[in-house]
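A.B. asks: Just a sequence and a predicted model for now, questions to come.
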Amino acid sequence: MSIADTFESMKDFNLNDLDFNNAGSWPGPIKVICCLIVSALVLGAVYWFDIKELNVKLERSHAEELDLKRQFESKAAQVSNLEEYKAQMAEMEKTFGDLLKQLPSDTEVPGLLEDISSIGSLSGLELASIDLRPEISKEFYVELPIDIKVNGGYHDLASFVSGVAGLSRIVTLHDFTIKADKEGGPLSMAIQAKTYRYNGGETRQ
């Protein structure tokens, strides 16, 4: 039977005539169409549940590959610069050691207070008070706050601040307030200086 004859025989076909309990009796073209539909559904299900999941895994693996490649390139660059990093580390250790030498030991604090008093006098200021506050222990160093109050002219105060900041020891200045006790009179400045010593349990000479 030719294809034309087959389609000619299907003209009067009605789906209601199909016996779903006896699919073997269906016309040949209907069997072929059903097989194609079932095959399409099976292929679609395989793609949705299997191939699509494989594509997701492939994309994830590709992303991981790119990340590993970047890590490898970064580590390769670090290895190629290892000697330079060692030189930088040695320089940092030397700089750190030089800074530690500037930190006063316990026995040097009285000398520091004398230096601050001397700078105040040379700046033309009246030193009202200089008080040590409790030490504050940090991870690598101990911080010693010193509360200072001085009286004098504006330029004298500026000279004093500059002189304290220029000490060979590390001294930082914080939280200053300036006010005039009376109109036309000297200025009063309260400021906190902080000095530091290495928290290593050793006293350096």
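C.D. replies: Sure thing, it's come through.
A.B. asks: quick one, what contacts the nearest residue to Ile146 once chain neighbours are set aside?
C.D. replies: Leaving aside its sequence neighbours, Ile146 sits nearest to Ala193 (Cβ to Cβ, 6 or more residues apart in numbering; 4.5 Å). Glycine gets a C-beta too; all of them are placed from N, C-alpha and C. If a contact means Cβ atoms under 8 Å, 6 or more residues apart in numbering, then Ala193 has 116, 145-146, 148, 164, 171-174 as its contacts.
A.B. asks: again, 6 Å this time
C.D. replies: Residues in contact with Ala193 (Cβ atoms under 6 Å, 6 or more residues apart in numbering) are 146, 148, 171, 173.
A.B. asks: So the second one sits against Gln192, correct?
C.D. replies: No. Here Ile148 does not reach Gln192: they are 7.2 Å apart, not a contact under Cβ atoms under 6 Å.
A.B. asks: Which one of those two is surrounded by more residues?
C.D. replies: Higher neighbour count among Ile148 and Gln192: Ile148, with 23 against 15, using other Cβ atoms under 10 Å.
A.B. asks: What residues sit buried inside the helix or strand hosting the more buried one?
C.D. replies: According to DSSP states H and E, Ile148 maps onto strand 141-152. By 16 or more other Cβ atoms under 10 Å, the buried positions in strand 141-152 come out as 141-146, 148, 150-152.
A.B. asks: So for the residues you listed, which is the shakiest by pLDDT?
C.D. replies: Ranked by pLDDT, the buried residues of strand 141-152 bottom out at Tyr141, which has 83.
A.B. asks: Who are the packing partners of the top helix by length along the chain?
C.D. replies: Secondary structure of the chain per DSSP state H: the longest helix is helix 52-80. The helices and strands touching helix 52-80, judged by 3 or more Cβ pairs under 6 Å, 6 or more residues apart in numbering; DSSP states H and E, number zero.
A.B. asks: Would you mind checking the average pLDDT for that helix?
C.D. replies: Computed over helix 52-80, the mean pLDDT rounds to 83.
A.B. asks: Just the CA trace of the helix or strand just after that helix, in CSV.
C.D. replies: Using DSSP H and E, the helix or strand that follows helix 52-80 towards the C-terminus is helix 82-102. Extracted as CSV, the C-alpha positions of helix 82-102 are listed here (Å, rounded to 0.1, in the frame of the first residue of the first chain):
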residue,chain,number,x,y,z
LEU,A,82,59.5,34.8,46.8
GLU,A,83,63.0,36.3,47.0
GLU,A,84,61.6,39.8,46.7
TYR,A,85,59.1,39.0,49.5
LYS,A,86,61.9,37.7,51.7
ALA,A,87,63.8,40.9,51.1
GLN,A,88,60.7,43.0,52.0
MET,A,89,60.2,41.0,55.1
ALA,A,90,63.8,41.5,56.2
GLU,A,91,63.4,45.2,55.7
MET,A,92,60.1,45.3,57.6
GLU,A,93,61.8,43.4,60.5
LYS,A,94,64.7,45.9,60.5
THR,A,95,62.2,48.9,60.5
PHE,A,96,60.2,47.3,63.3
GLY,A,97,63.3,46.8,65.3
ASP,A,98,64.3,50.4,64.8
LEU,A,99,60.9,51.5,66.0
LEU,A,100,61.1,49.4,69.1
LYS,A,101,64.4,51.1,70.0
GLN,A,102,62.5,54.4,70.1
